[in-house]
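Colleague: A structural model of the following input is requested.
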Amino acid sequence: MKKVAVQRLNRHDVAALQHLKDYMLAHLHTSITLSVVRAQTTLSEYKIKGGFVQLFGATIADFLFQARMEKAKELLLQNEKPLKEIAGLVGYKNSKSFHRSFRKYFGQTPGSMLRQSY
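Modeller: Below you'll find the predicted structure:
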């Protein structure tokens, strides 16, 4: 992970970064790019990137990946939706790409995890 200089974050910065985090969690099903993130706040790109790592311990990309995978696991274990729908609900248009990402994150396929949960 890239080192980011420690910044002074005031209350406004912390509130704005928390808003960004909440926004991303509420919109996992959409494509979230840096331009989308920047449109949600008045903070500079430098403050967004560095402040996010400082406050939440992960880059925006890593945070999104982790959040999407954890949400996918939650939906999978509820066993109410098909895998293709779950992939879409966490922002993947391609189920093969979702399958690869899931396996990378959890070390097993979605089907394998589901079978183990029984």
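Colleague: hmm, Thr41 is touching Lys21, no?
Modeller: No. Using C-beta atoms under 8 Å, Thr41 makes no contact with Lys21, being 11.1 Å away. For the C-beta atoms, the positions are set from N, CA and C on the backbone; glycine is no exception.
Colleague: the residue positioned nearest the centre of the chain: what's it in contact with?
Modeller: The centroid of the chain falls nearest to Leu64 when counting by C-alpha atoms, centre = their mean (1.6 Å). Residues near Leu64 by C-beta atoms under 8 Å, 6 or more residues apart in numbering: 24, 28, 32, 91.
Colleague: likewise Ile32?
Modeller: With contact set as C-beta under 8 Å, 6+ apart, Ile32 has these partners: 24, 64, 91.
Colleague: same thing with Met24?
Modeller: 32, 37, 60, 63-64, 67.
Colleague: for the helix or strand hosting His99, buried residues please.
Modeller: Taking DSSP states H and E as the criterion, His99 maps to helix 95-106. By neighbour count on 16 or more other C-beta atoms under 10 Å, the buried set for helix 95-106 is 95, 98-99, 101-102, 106.
Colleague: next, format those as JSON lines and append pLDDT.
Modeller: Shown next, in JSON lines, are the buried residues of helix 95-106 (pLDDT from 0 to 100):
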{"residue": "Ser95", "pLDDT": "91"}
{"residue": "Phe98", "pLDDT": "97"}
{"residue": "His99", "pLDDT": "96"}
{"residue": "Ser101", "pLDDT": "97"}
{"residue": "Phe102", "pLDDT": "97"}
{"residue": "Phe106", "pLDDT": "97"}
